[in-house]
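Visitor: with the input below, show me the fold.
(2 chains)
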Protein chains: 2
Amino acid sequence: MVAFPHEFIPPGTQFHTLPSPFPMKRGGVLHGARVAYETWGTLAPGKDNALLILTGLSPDAHAASSAADPTPGWWENMVGPGKPIDTDRWFVVCVNSLGSCKGSTGPASVDPSTGQPYRLAFPELSVEDIGDAAAEVVRGLGIGQLACVVGNSMGGMVALALLLRHPGIARAHINISGSARALPFSIAVRSLQREAIRLDPNWNNGEYDDATYPESGMRIARKLGVITYRSALEWDGRFGRVRLDEAIPVAGAGEEDPFGLEFQVESYLEGHARRFVRRYDPNCYLYLSRSMDWFDLAEYAGGDVLAGLAKIKVERALAIGASTDILFPVQQQQEVAEGLGRGGAQTQFLGMDSPQGHDAFLVDFDRFGPAVRGFLDGLM
Amino acid sequence: MVAFPHEFIPPGTQFHTLPSPFPMKRGGVLHGARVAYETWGTLAPGKDNALLILTGLSPDAHAASSAADPTPGWWENMVGPGKPIDTDRWFVVCVNSLGSCKGSTGPASVDPSTGQPYRLAFPELSVEDIGDAAAEVVRGLGIGQLACVVGNSMGGMVALALLLRHPGIARAHINISGSARALPFSIAVRSLQREAIRLDPNWNNGEYDDATYPESGMRIARKLGVITYRSALEWDGRFGRVRLDEAIPVAGAGEEDPFGLEFQVESYLEGHARRFVRRYDPNCYLYLSRSMDWFDLAEYAGGDVLAGLAKIKVERALAIGASTDILFPVQQQQEVAEGLGRGGAQTQFLGMDSPQGHDAFLVDFDRFGPAVRGFLDGLM
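Guide: Take a look at the predicted model:
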């Protein structure tokens, strides 16, 4: 059993130390903070083949296997030699988000001023801070301009913040199941996820340890996440009303659980919860989740989100999503394409008929693979 | 403060005592059980103008105001003199579901064999039991055949069970935002609501009292319910990203809540939670919620849901729903219409463009009112 708060750092992780102090958008600074990242492929002599990947809330920087870490990454089917993001052509960098517990400095990291984990003493985290930290990694690698920034889900928000606040940092952008601002349905879902964690007595205002990890709250947050990451359509076909051979008790409810799980779909959620609980730091989850609610590119243009997007200057952009996504609905990717187009980019919008909802980019490689490959081919 | 377990019984409630023992579909019997109901209008001498309303999970039998209870009911705009369900023409009966805590016998009621509340000793409750109990009320009122059964949400399931198991009990049926079986997305949502309650240490396997009411679990269950009862589309227009004047702490989180509520949509959910917590019995919630997951009319026809529906014999039927409903998607009302049509009913299906999702029937009277009125006019 690991001691919480705990950071989960994949073996192939590299680190970039941020300037100290590193100012945070909403106030406060970080001292001696670092950003975890991994790379694949080779930076060309002209340094013109760099591609940055920005992730969703929970992934680490291990997007794909490598010599340093041969375990499959979270985007293994998309990143590698000959794959849609072809590491024979591109020097690929994937950054772990500032505020996460996967190697970048966050609430689970040690605060150098106290020698103890930050917990809730970590300054308020914004999507913009995550983007600013990623920009430091790019500069640290000696890359003057990225060929492309790819952002998925929360990473799509981070990419837009990065592009707006660091003009010229990239020539092109792929925004996958992302958005330029949080809308109330997704705010409601995330707020409830955070509330489930905070209402768990073990959370204790962030002062948990291994013996008191807020397992119930994290279970509920994760299951609610998975419900909103997929789609009813997919589940109708995948699970229907198929029952388990034997009802299973909910973890923590004791062996004699009169309301045990009976349906395959419940067992699927249970599996997701068990793989997540105690493998993610609850305070980091709260900080990253809240940063998404706050994000609104309209802030940069007097309340007009399209005008905010139009301030971003890239040559080409692709916005792509799934028609079944209820968390980042496809209209938000259409909005990203429209706004970047107004800013002068040659833009393309693809609304895919993937049944897998928000998670489609993690599973529907038949649709997302060729779309990404085609766009990147056009950049060469 | 009320003492839990507690029944919440509106002042105009009447009671029908069920045959004793009353057998339950999944095993066990109830002794001395009763069903709460209210009525409006006058039963015609030929007893041919009776209309039964079956409710969703949480409402009581007080669908509309009356002399006995002038407070507005949960369907006040739909039921009354001159309203779509016109009590000048119809003798309207609304039944509180068996298993509820609003007057009908349920887990919060006293078990006559022990003198103590049933709690988890209440037998497993199915949608069919709720329908069977409602049929007893109809017979008890001396009504040989109802002119129409109207069921909303869970009540739509109950209505189908009633019609199938009590042939000839009604000439016509209106199924509103209901379904003939639970599908995995709604099972997942309800399963998670139940889990939130069960993981609340105060739930204590159903052995709570006022001092230990599982408030956190019920808060989360209710907020998750409200998220799935409405629609993202509605909330985009209604709340957008509007912020509260001042952040408010989550109830129970203490005054200094670093993750307090900031957006209007969060305050809306909080209001719903506060109006629900301690006004509903948690064990009753668990029983009714689970009954919906179990419901599947296909059980009655070798796994074919349309064939199950076709076993129901009514003269006319209307199935109606909202295109934005994610919990009981409109395809399920279309399925109800198709199946009842196969059974020989003259059927009509109306998929409304209401933005309010599953709750549309409780708020979008401009669309649902004329639809219900028009169908009922055709029965006179």
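Visitor: residues making contact with stretch A:100-117?
Guide: If you take Cβ atoms under 8 Å, 6 or more residues apart in numbering or on different chains as the criterion, stretch A:100-117 is touched by A:4-10, A:13, A:15, A:18, A:30-36, A:59-61, A:95-99, A:118-122, A:125, A:133, A:206, A:280-281, A:283-284, A:286-288. In short, each C-beta sits where N, CA and C put it, glycine included.
Visitor: among those residues, name the ones in strands.
Guide: Taking DSSP state E, the ones among the contacts of stretch A:100-117 that sit in strands are A:Phe15, A:Leu30, A:Arg34, A:Val35, A:Ala36, A:Val95.
Visitor: on that earlier part again, keep the contacts of stretch A:100-117, but drop any that are not near chain B.
Guide: Checked against chain B using Cβ under 8 Å from any Cβ of the partner chain, the contacts of stretch A:100-117 yield the following neighbours: A:Leu120, A:Leu286.
Visitor: give me the buried entries from the contacts of stretch A:100-117.
Guide: Buried members of those, scored by 16 or more other Cβ atoms under 10 Å in any protein chain shown, are A:4-10, A:13, A:15, A:18, A:30, A:33-36, A:59-61, A:95-99, A:118-119, A:122, A:125, A:133, A:206, A:280-281, A:283-284, A:286-288.
Visitor: among these, which ones are in helices?
Guide: Secondary structure assignment (DSSP state H) places A:Ala133, A:Asn283, A:Cys284, A:Leu286, A:Tyr287, A:Leu288 from these within helices.
Visitor: out of these, who's nearest chain B?
Guide: Of all those, the one with the least separation from chain B (Cβ to the nearest Cβ) is A:Leu286, at 5.9 Å.
Visitor: identify the residue nearest that closest one in space, chain neighbours excluded?
Guide: Nearest residue to A:Leu286 in three dimensions, chain neighbours excluded: A:Arg194, at 5.4 Å (Cβ to Cβ, 6 or more residues apart in numbering or on different chains).
Visitor: show me what contacts that neighbour?
Guide: A:Ala221, A:Tyr285, A:Leu286, A:Ser289, A:Arg290, B:Phe259.
Visitor: what about 7 Å?
Guide: By Cβ atoms under 7 Å, 6 or more residues apart in numbering or on different chains, the contact set of A:Arg194 is A:Leu286, A:Ser289, A:Arg290, B:Phe259.
Visitor: widest-spaced pair of those residues?
Guide: Using Cβ to Cβ, the two most remote members of the contacts of A:Arg194 are A:Ser289 and B:Phe259, lying 9.0 Å apart.
Visitor: picking that back up, what's the farthest-apart pair in the ones in strands among the contacts of stretch A:100-117?
Guide: Taking every pair in these and measuring Cβ to Cβ, the maximum separation is 15.6 Å, between A:Leu30 and A:Val95.
Visitor: what lines up beside the least confident helix or strand in chain A by mean pLDDT in the sheet?
Guide: The weakest-scoring helix or strand in chain A, judged by mean pLDDT, DSSP states H and E, is strand A:243-248 (a mean of 88). Strands flanking strand A:243-248 in the sheet, each with its direction: strand A:261-263 (antiparallel) (DSSP bridges).
Visitor: so which other helices or strands are in contact with the helix or strand containing A:Gly237?
Guide: Secondary structure assigned from DSSP states H and E places A:Gly237 in helix A:232-238. Using 3 or more Cβ pairs under 7 Å, 6 or more residues apart in numbering or on different chains; DSSP states H and E as the contact definition, the elements that helix A:232-238 packs against are helix B:184-199.
Visitor: report the buried residues of the helix it packs on.
Guide: By neighbour count with 16+ other Cβ under 10 Å, helix B:184-199 contains the buried residues B:184-199.
Visitor: ok, stretch A:355-366 next?
Guide: A:Pro355, A:Gln356, A:Gly357, A:His358, A:Asp359, A:Ala360, A:Phe361, A:Leu362, A:Val363, A:Asp364, A:Phe365.
Visitor: could I get those as CSV with distance to A:Gly240, secondary structure and pLDDT?
Guide: As requested, the buried residues of stretch A:355-366 are exported to CSV (distance: Cβ to Cβ, whole Å; DSSP: H, G, I helix; E, B strand; the rest coil; pLDDT from 0 to 100):
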residue, distance to A:Gly240, secondary structure, pLDDT
A:Pro355, 14, coil, 96
A:Gln356, 16, coil, 97
A:Gly357, 17, helix, 97
A:His358, 21, helix, 98
A:Asp359, 19, helix, 97
A:Ala360, 20, helix, 98
A:Phe361, 25, helix, 98
A:Leu362, 23, helix, 97
A:Val363, 19, helix, 97
A:Asp364, 20, coil, 97
A:Phe365, 24, helix, 98
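Visitor: of the buried residues of helix B:184-199, closest to A:Leu306?
Guide: The closest of the buried residues of helix B:184-199 to A:Leu306 turns out to be B:Phe185 (Cβ to Cβ; 32.5 Å).
Visitor: the closest one against A:Ala232, yeah?
Guide: Yes - in terms of Cβ atoms under 7 Å, B:Phe185 counts as a neighbour of A:Ala232; the distance is 3.6 Å.
Visitor: on that earlier part again, between the buried residues of stretch A:355-366, which is closest to B:Lys311?
Guide: Distance to B:Lys311 across these (Cβ to Cβ) is lowest for A:Pro355, with 31.4 Å.
Visitor: isn't the closest one right up against A:Glu234?
Guide: Yes - A:Pro355 is within contact range of A:Glu234, at 4.1 Å (criterion: Cβ under 7 Å).
Visitor: next to chain B, which bits of the stretch 151-300 of chain A? Give me the list.
Guide: The interface of the stretch 151-300 of chain A toward chain B, taken as Cβ under 7 Å from any Cβ of the partner chain, is made up of A:181, A:183-185, A:187-189, A:191-192, A:194-196, A:198-199, A:216, A:220, A:223-224, A:227, A:232, A:235-236, A:239-241, A:250, A:252-253, A:258-259, A:261, A:263, A:265-266, A:269, A:286, A:290, A:293, A:296.
Visitor: let's go with 6 Å and repeat that
Guide: Counting by Cβ under 6 Å from any Cβ of the partner chain, the residues of the stretch 151-300 of chain A lying close to chain B are A:183-185, A:187-188, A:191-192, A:194-196, A:198-199, A:216, A:220, A:223, A:227, A:232, A:235-236, A:239, A:241, A:250, A:253, A:258-259, A:263, A:265-266, A:269, A:286, A:296.
Visitor: low-confidence ranges, the stretch 201-350 of chain A, go.
Guide: Judged against pLDDT under 70, the low-scoring parts of the stretch 201-350 of chain A cover residues A:251-255.
Visitor: now do the strands in it.
Guide: Along the stretch 201-350 of chain A, the segments classed as strands by DSSP state E, counting those that start in this stretch run A:243-248, A:261-263, A:316-322, A:346-352.
Visitor: now those strands as TSV including mean neighbour count?
Guide: As requested, the strands of the stretch 201-350 of chain A are arranged in TSV below (neighbours: other Cβ atoms under 10 Å in any protein chain shown):
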stretch	mean neighbour count
strand A:243-248	12
strand A:261-263	21
strand A:316-322	27
strand A:346-352	18
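Visitor: make a markdown table out of those and add distance to A:Thr42.
Guide: As requested, the strands of the stretch 201-350 of chain A are arranged in a markdown table below (distance: least, Cβ to Cβ, whole Å):
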| stretch | distance to A:Thr42 |
| --- | --- |
| strand A:243-248 | 49 |
| strand A:261-263 | 48 |
| strand A:316-322 | 23 |
| strand A:346-352 | 28 |
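Visitor: quick one, domains of chain A?
Guide: Per automatic domain parsing, the domain ranges recorded for chain A read A:14-183+A:295-377, A:187-284.
Visitor: from the chain's centre, how far out does the first one sit?
Guide: I take that to be domain A:14-183+A:295-377. Remark: domain A:14-183+A:295-377 is offset 8 Å from the chain centroid, using Cα atoms, centre = their mean, to the nearest Å.
Visitor: for that domain, measure first residue to last.
Guide: With Cα to Cα, to the nearest Å as the measure, the first residue of domain A:14-183+A:295-377 is 28 Å from its last.
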